[in-house]
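[1] coords please:
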Amino acid sequence: MTDNWLRLKVTSNASRSEISGFADGVLQVRIAAPPVKGKANKELTAFLSQALGVSKSSLSIVKGQASRNKVIAIEGLSQEEIIKRLST
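    Numbering: from 1, shown residues only. Sure thing, here's the model as predicted:
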């Protein structure tokens, strides 16, 4: 099965982890973890895996490990299913 990619703009050190919405095809995500030693990336994958209903191992950061702009590969879901699950 092919991976589907999702573009994100991540804001760390938020008061709570939440999805802020879509803007220009980019998912806006706020994460309640500091961008130190990978803590925000770890929290991001945990948060997205829960929001999408997939395992953490199904997600991988393809681009932007040290950037607020990231590309995430999601294994096992179609692009339509990803959008549907994140919109609810």
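[2] Which secondary structure state does the most centrally placed residue in the chain sit in?
    Against the mean C-alpha coordinate of the chain, by Cα atoms, centre = their mean, the closest residue is residue 48 at 4.9 Å. Using DSSP: H, G, I helix; E, B strand; the rest coil, the structure places residue 48 in helix.
[3] And it, how far from residue 80?
    Here residue 48 is placed at a distance of 17 Å from residue 80 (Cβ to Cβ, to the nearest Å). Any C-beta I mention is one placed from the backbone N, CA and C, and that applies to glycine too.
[4] Skipping its backbone neighbours, what lies nearest the residue nearest to the centre of the chain in space?
    residue 59 (5.8 Å; Cβ to Cβ, 6 or more residues apart in numbering).
[5] repeat for residue 19
    Nearest to residue 19 is residue 29, by Cβ to Cβ, 6+ apart, at 5.7 Å.
[6] where's whatever helix or strand that neighbour lives in relative to the chain centroid, distance-wise?
    Using DSSP states H and E, residue 29 sits in strand 26-30. How far strand 26-30 lies from its chain's middle: 7 Å, per Cα atoms, centre = their mean, to the nearest Å.
[7] just stretch 56-66 next, same as before
    Remark: stretch 56-66 is offset 8 Å from the chain centroid, using Cα atoms, centre = their mean.
[8] quick one: terminal-to-terminal distance for it?
    Stretch 56-66 stretches 19 Å from its first residue to its last (Cα to Cα, to the nearest Å).
[9] Need the residues that contact it.
    With contact meaning Cβ atoms under 8 Å, 6 or more residues apart in numbering, stretch 56-66 is reached by 3, 5, 8, 41, 44-46, 48-49, 52, 70-77.
[10] Neighbouring strands - and their directions - for the longest strand seen in the chain?
    Longest strand in the chain, counting residues (DSSP state E): strand 3-11. Paired neighbours of strand 3-11 in the sheet (DSSP bridges): strand 26-30 (parallel), strand 69-75 (antiparallel).
[11] Would you mind giving those as JSON lines with mean neighbour count and distance to residue 19 added?
    Shown next, in JSON lines, are these (neighbours: other Cβ atoms under 10 Å; distance: least, Cβ to Cβ, whole Å):
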{"stretch": "strand 26-30", "mean neighbour count": "18", "distance to residue 19": "6"}
{"stretch": "strand 69-75", "mean neighbour count": "17", "distance to residue 19": "13"}
